[in-house]
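Undergrad: quick one, what's the 3D model for this:
(one chain, ligands or ions: 2)
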Amino acid sequence: MTGTGVLCTKCVKREASITVGGRKLCELCANNEVTRRAYRVLLDSGAIDLKHVTVLSSPQFSGAERVLSRLFARMGRRHSRELEVVELAAKGGSVDTLIHSFLTAKGDLVLLPFTSDFLTAYLIYSISKGRGPIYVKLYSPYFHLRGTLFVSPMIRTSILELKGMGRVEIRTGEEEFDELHRWVLDQLAENPELLFTAPSSAKLFEGAETCQTCGATLVGGICPMCAL
Ligand SMILES: [Zn+2]
Ligand SMILES: [Zn+2]
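TA: Ligands and ions are numbered 1, 2, ... in the order given. Okay, here's the model as predicted:
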């Protein structure tokens, strides 16, 4: 709690402590809002009908598996699905190899830990390399690969908006990326709209042929990630 003394703009009862979508909310209303966003993504993806759900846990996205499990628990038990948390042996080295480890994970339905601040940083990072994101697919809330449905329930939510659900820390180990990611987080206080530009900008890079194994954009017909 920050103890600002400002009331939540939604319930106008409890003290506001988290800014979500530019609105100052109390923890309860903030958690309801991020759950509502996650539920919408799961509903649109058709994931609601799948019984077995896999959440990937990795040290590079520390705390994300707890938040995803919590979001999942808040969706209600009426669909009676089972959730399994799988420790991912994520390859380090670069942000692209890290994403590759996530997208080659197995399961019927895999929940990904990618948040809007991470995706924004990944887009800026990729463009700074003189190319588009190798994993353009990540800018869609859900997609299929090898018969697995991948869903990103936090695609429209930043780790700052999620803080009522738990602390998430992202450290890919690629210093250049992590520095850029910290810069994005710093910018959010002043420019929350920054997060909305990444999904539409990423569309510019869509349409290229992608790898059937990991979803990366092919270069000269070859997957630059699976070939590593
Ligand atoms: Zn409230
Ligand atoms: Zn590949």
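Undergrad: so for residue 145, what's the pLDDT?
TA: Residue 145 is assigned 97 on the pLDDT scale.
Undergrad: quick check: phi and psi at it.
TA: phi -140, psi 130 (degrees, to the nearest 10).
Undergrad: so it bridges to which residues?
TA: Beta-bridge partners for residue 145, by DSSP bridges, are residue 148.
Undergrad: run a quick neighbour tally on the residue nearest to residue 27 when sequence neighbours are not counted.
TA: Once flanking residues are discounted, residue 27 sits nearest to residue 164: 4.0 Å by CB to CB, 6 or more residues apart in numbering. Where C-beta positions appear, they are placed from N, C-alpha and C, glycine not excepted. Neighbour count of residue 164, defined by other CB atoms under 10 Å: 20.
Undergrad: ok, now which ones touch residue 164?
TA: Residues counted as contacts of residue 164 (CB atoms under 8 Å, 6 or more residues apart in numbering) are 17-18, 27-28, 30-31, 34.
Undergrad: and the residues you listed as TSV, adding pLDDT?
TA: Formatted as TSV, the contacts of residue 164 follow (pLDDT from 0 to 100):
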residue	pLDDT
17	95
18	95
27	96
28	96
30	97
31	95
34	94
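Undergrad: pull out the buried members of those residues.
TA: For the contacts of residue 164, a burial check counting by 16 or more other CB atoms under 10 Å picks out 17-18, 27, 30-31, 34.
Undergrad: longest helix anywhere in the chain?
TA: Taking DSSP state H as the criterion, the chain has its longest helix at helix 27-45.
Undergrad: return the set of buried residues in that helix.
TA: By neighbour count with 16+ other CB under 10 Å, helix 27-45 contains the buried residues 27, 29-35, 37-39, 41-42, 45.
Undergrad: residue numbers of the protein in contact with ligand 2?
TA: 211, 213-214, 216, 223, 225-226 (CB under 5 Å from the ion).
Undergrad: export those residues to a markdown table and tack on neighbour count?
TA: A markdown table is the format used below for these (neighbours: other CB atoms under 10 Å):
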| residue | neighbour count |
| --- | --- |
| 211 | 22 |
| 213 | 14 |
| 214 | 22 |
| 216 | 24 |
| 223 | 20 |
| 225 | 24 |
| 226 | 14 |
